[in-house]
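Chemist: Build me a structure from this.
(one chain, ligands or ions: 1)
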Amino acid sequence: MNQIVVLNAGGQYCHLIARRIRELGVHAVVADVHRPATDFRGARGLIISGGPASVTEPTSPSVDRAIYELGVPILGICYGHQLLARDLAGRVEPGTTKEYGHSSLHAGEGRLFRGLPARQFTVWMSHGDTVVDVPPGFVITGETDDCKVAAMEHAGRRLFGLQFHPEVVHTEHGTEIYRTFVFDVCGCREDWDPRARVDQVVADIRRAAGDRKVFFLISGGVDSTVAFSLCARALGPERVLGLYVDTGFMREGDAEAMQYLTTALGARTVRRVDRSADFFGRLRGVIHPEDKRAIIGETFVAVQEDEFARLGLREEEWLLGQGTIYPDTIESGGARHAAKIKTHHNRVERIQALIDAGRVIEPLVDFYKDEVRVLGEELGLPHDVVWRHPFPGPGLAVRCLGAQARAPVESLEPTTIPLPAGAEGWIVPVRTVGVQGDERSYSRLLAVAGLGEAEAAGAFARRVTNEHRTINRVAAVIFQRADAAFGRLAVHPAALTPQRIAVLRAADDLVTRLVRARGLYDAIWQMPVAMLPLGSGPGRETIVLRPVNSRDGMTADFARLPAPLVAELAHALGGLERVDAVLYDVTNKPPATIELE
Ligand code: XMP
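Modeler: The predicted structure is shown next:
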């Protein structure tokens, strides 16, 4: 089979590896690291991914050692590299310090480095343990100042290990390294193109559905719209039913996709129901993001069952359709070893039970976001629908933060964290989700006024979050009221209410319109707008801009917005009723997440 299998040892990077391979035109799938070697006989090559565990611990993920005897080329990345060393009688030592970030690799004569224009280049490292002795028969093919065995290989057996991550954009020549592995070493052909997959997916849907019909909850976002359209193409409009549930947490303008679907498929196939009262009711007083997500997930299922009953759809005749895509399954810890970053609403317990019972159909579960867009274009969906920024299922609910008690911002002592000249900083008494070293964090936000241009602000954010583990996010203060200086603001008790969501929805819509008007919407991958109950009194708010660029949501850089646009956004948002301050989040993922929740 012309296929590469990525053995998932639990890292956030594992899907990224598969994504890179697919970009080269070769199909790559992710498989559990423990699967028996016989499962991989047909693969052209195996890649063992990185992961948060340590190979020096007996319970950490390991492979069936028979894979080394298959004669199939194997590339170990990071944790995978250490696993190769351990399994084949090399030596791995627990690290005393963690090497994290950019390093300079001195590349030797390794086969994977053949044809590269440079012998020394930047690579991205993220590890604690290190390989200290290569296994018998292996040679060291690359080193950095801090890591003597940054690359190793056994040319005869076609076994390779890389301590760094060639799949992240920060590694120079990463794509070429994968290209060499996939084509030269494994002998793959270039034959993967999502464009050509529509027929296959359609056939798969027909097979999975049998004579059953598919019921979908559609959100107006690209994933559910494409997934639903594929089901409609496969089964015909009379065998699909799409229900748009207004949760109360949708964006302004999610109606575009609905309009398209209604026109294409008919009003009997696509329906709308307002269940916002249920959602607000169940979320009363809930503040923790994981709790919100769990409740929203459960409410979705309850509402769907309710609507199912109301519509009189017989269980044995209907499947539940979902627009779940590949990365959704790993970040929920769906893969056995991934540290739990957060629960995806498509993977809450009750949905999982339905999946286990074979009652769920997820046509996009093998695709990445940009592949879904390609499928959408292939299906002829409108540009604005296909290129709409991604929006999380739980919607504005997760972006609208709450607080239990009043707490003022804390002025930053210059001795704790030195600030650029003329800048002023405050710890905001609000915690937000981040991801640090494959693990989830829930830490504090640092707001700074006078940080300067985006580039300098970003560099500051990187330094602070590296040096201070209790801070996972840095935001620039881009607007504060003359009569409500930032340093005098406080967080006030607040929960999710329709009134607060209305403020956030208006802010989000304003940002979308302005960014579209400046022709920058398509240039930014996603731009969550969040809200903190931070202001001069109860009911006053702070809006946070979170523009990011990313390939697939797994890692991201905050987007550098042109200064005039920042000023324009600050001015416009500052003019909204109830808004006392506007922040611009300048943190990358990691250490923050894309969503601010
Ligand atoms: P984070 O915040 O984890 O987000 O860096 C990564 C990407 O995933 C999206 N996201 C979701 N999408 N349902 C979705 O459909 C969800 O529950 C969900 N949570 C996060 C997020 O918008 C970003 O693009």
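Chemist: Which helix or strand in this protein has the lowest average pLDDT?
Modeler: helix 326-331 (a mean of 68; mean pLDDT, DSSP states H and E).
Chemist: Any chance you could list what contacts the next helix or strand after that helix?
Modeler: Following helix 326-331 in sequence order, the next helix or strand is helix 349-356 (DSSP states H and E). With contacts defined as CB atoms under 8 Å, 6 or more residues apart in numbering, helix 349-356 is touched by G297, E298, V301, L320, Q322, H345, V360. All C-beta spots, glycine's among them, are computed from the backbone N, C-alpha and C.
Chemist: Give me the contact status of helix 349-356 with the ligand.
Modeler: No. Contact of helix 349-356 with the ligand (CB under 6 Å from any ligand atom) is absent, the minimum separation being 11.9 Å.
Chemist: Identify each buried residue in that helix, please.
Modeler: Within helix 349-356, the residues scored as buried using 16 or more other CB atoms under 10 Å are I351, L354, I355.
Chemist: Stretch 211-225 now?
Modeler: 212-225.
Chemist: again, but for stretch 296-309
Modeler: I296, G297, E298, T299, F300, V301, V303, Q304, E307, F308.
Chemist: from the residues you listed, which are also near the ligand?
Modeler: Counting by CB under 6 Å from any ligand atom, no member of those is near the ligand.
Chemist: In TSV: those residues, plus distance to S536, pLDDT and secondary structure.
Modeler: Below are these laid out as TSV (distance: CB to CB, whole Å; pLDDT from 0 to 100; DSSP: H, G, I helix; E, B strand; the rest coil):
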residue	distance to S536	pLDDT	secondary structure
I296	31	92	helix
G297	35	86	helix
E298	36	88	helix
T299	34	92	helix
F300	36	85	helix
V301	40	82	helix
V303	38	89	helix
Q304	42	80	helix
E307	43	87	helix
F308	47	80	helix
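Chemist: Pick the one among the buried residues of helix 349-356 closest to L534.
Modeler: Distance to L534 across the buried residues of helix 349-356 (CB to CB) is lowest for I351, with 34.2 Å.
Chemist: That closest one and G297, how far apart?
Modeler: Using CB to CB, to the nearest Å, I351 is found at 7 Å from G297.
Chemist: swap in E424?
Modeler: Relative to G297, and taking CB to CB, E424 is found at 40 Å.
Chemist: before we move on, what about T269?
Modeler: 25 Å.
Chemist: where in the protein is pLDDT low?
Modeler: Where the chain drops to pLDDT under 70, the residues are 11-12, 96, 330-345, 348, 437-438, 552.
Chemist: Domain map for it?
Modeler: 3-185, 197-395, 407-585 (automatic domain parsing).
Chemist: need the contact list for Y244.
Modeler: Counting by CB under 8 Å, 6+ apart, Y244 has contacts L217, I218, S219, G220, M258, V270, R271, R272, V273.
Chemist: next SSE after the host helix or strand of it?
Modeler: Under the criterion of DSSP H and E, Y244 resides in strand 240-246. Remark: after strand 240-246, the chain's next helix or strand is helix 255-265, criterion DSSP H and E.
Chemist: and that next one, what does it pack onto?
Modeler: strand 213-218, helix 222-235, strand 240-246, strand 270-274, helix 383-386 (3 or more CB pairs under 8 Å, 6 or more residues apart in numbering; DSSP states H and E).
Chemist: Just put the buried residues of stretch 211-225 in TSV and tack on distance to I17.
Modeler: What follows is the buried residues of stretch 211-225, written out as TSV (distance: CB to CB, whole Å):
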residue	distance to I17
R212	35
K213	37
V214	32
F215	35
F216	31
L217	31
I218	31
S219	29
G220	31
G221	26
V222	24
D223	22
S224	27
T225	28
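Chemist: Show me the strands in the stretch 351-500 of the chain, by range?
Modeler: In the stretch 351-500 of the chain, the segments counted as strands under DSSP state E, counting those that start in this stretch are 360-361, 407-408, 410-411, 424-436, 439-449, 471-480, 490-491.
Chemist: Next, count neighbours for the closest residue in space to P538 that isn't next to it in sequence.
Modeler: Closest residue to P538 apart from its sequence neighbours, by CB to CB, 6 or more residues apart in numbering: H492 at 4.5 Å. Residues near H492, counting by other CB atoms under 10 Å, number 20.
Chemist: cool, and the one 10 residues further on?
Modeler: The number of residues packed around A502, counting by other CB under 10 Å, is 13.
Chemist: Where does it sit: helix, strand or coil?
Modeler: helix (DSSP: H, G, I helix; E, B strand; the rest coil).
Chemist: Offset the numbering so it begins at 728, please.
Modeler: Taking 728 as the first residue, the last one we looked at is A1229.
Chemist: For G864, grab the count of nearby residues.
Modeler: As a burial measure, G864 scores 13 neighbours (other CB under 10 Å).
Chemist: ugh, wrong one, I meant L1178
Modeler: 26.
Chemist: The ligand versus that one, what's the distance?
Modeler: 22 Å (CB to the nearest ligand atom, to the nearest Å).
Chemist: And for H1116?
Modeler: On the measure of CB to the nearest ligand atom, H1116 and the ligand end up 8 Å apart.
Chemist: Strands along the stretch 728-877 of the chain, start to end?
Modeler: Under DSSP E, counting those that start in this stretch, the stretch 728-877 of the chain gives strands at 730-735, 754-759, 772-775, 801-804, 818-820, 826-834, 847-854, 857-860, 866-870.
Chemist: Now render those as a markdown table, adding distance to D981.
Modeler: Below are these laid out as a markdown table (distance: least, CB to CB, whole Å):
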| stretch | distance to D981 |
| --- | --- |
| strand 730-735 | 33 |
| strand 754-759 | 31 |
| strand 772-775 | 38 |
| strand 801-804 | 38 |
| strand 818-820 | 50 |
| strand 826-834 | 38 |
| strand 847-854 | 36 |
| strand 857-860 | 49 |
| strand 866-870 | 48 |
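Chemist: can you redo the ones you listed as CSV with distance to the ligand?
Modeler: Shown next, in CSV, are the strands of the stretch 728-877 of the chain (distance: least, CB to the nearest ligand atom, whole Å):
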stretch, distance to the ligand
strand 730-735, 18
strand 754-759, 17
strand 772-775, 23
strand 801-804, 21
strand 818-820, 30
strand 826-834, 18
strand 847-854, 17
strand 857-860, 29
strand 866-870, 31
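Chemist: do you know which of those lies nearest G1214?
Modeler: Comparing these by CB to CB, strand 826-834 comes nearest, at 32.4 Å.
Chemist: can you pull the buried residues of that closest one?
Modeler: Of the residues in strand 826-834, those buried (16+ other CB under 10 Å) are E826, S830, L832, A834.
Chemist: Then stretch 1129-1147?
Modeler: G1129, A1130, V1136, L1139, I1144, L1146.
Chemist: Which one of those residues is nearest to A745?
Modeler: Taking CB to CB as the measure, A745 lies nearest G1129 of the buried residues of stretch 1129-1147, at 36.9 Å.
Chemist: what residues are up against that closest one?
Modeler: Contacts of G1129 (CB under 8 Å, 6+ apart): V1013, I1014, P1220, A1221, A1222, L1223, P1260.
Chemist: could you flag which of those residues are buried?
Modeler: Using 16+ other CB under 10 Å, the buried ones in these are V1013, I1014, A1221, A1222, L1223, P1260.
Chemist: For the closest residue to the fourth one other than its chain neighbours, what are phi and psi?
Modeler: Right, the one you point to is A1222. Nearest non-adjacent residue to A1222, counting by CB to CB, 6+ apart: G1129, 4.8 Å away. Torsion angles at G1129 (phi, psi; degrees, to the nearest 10) stand at phi -120, psi -180.
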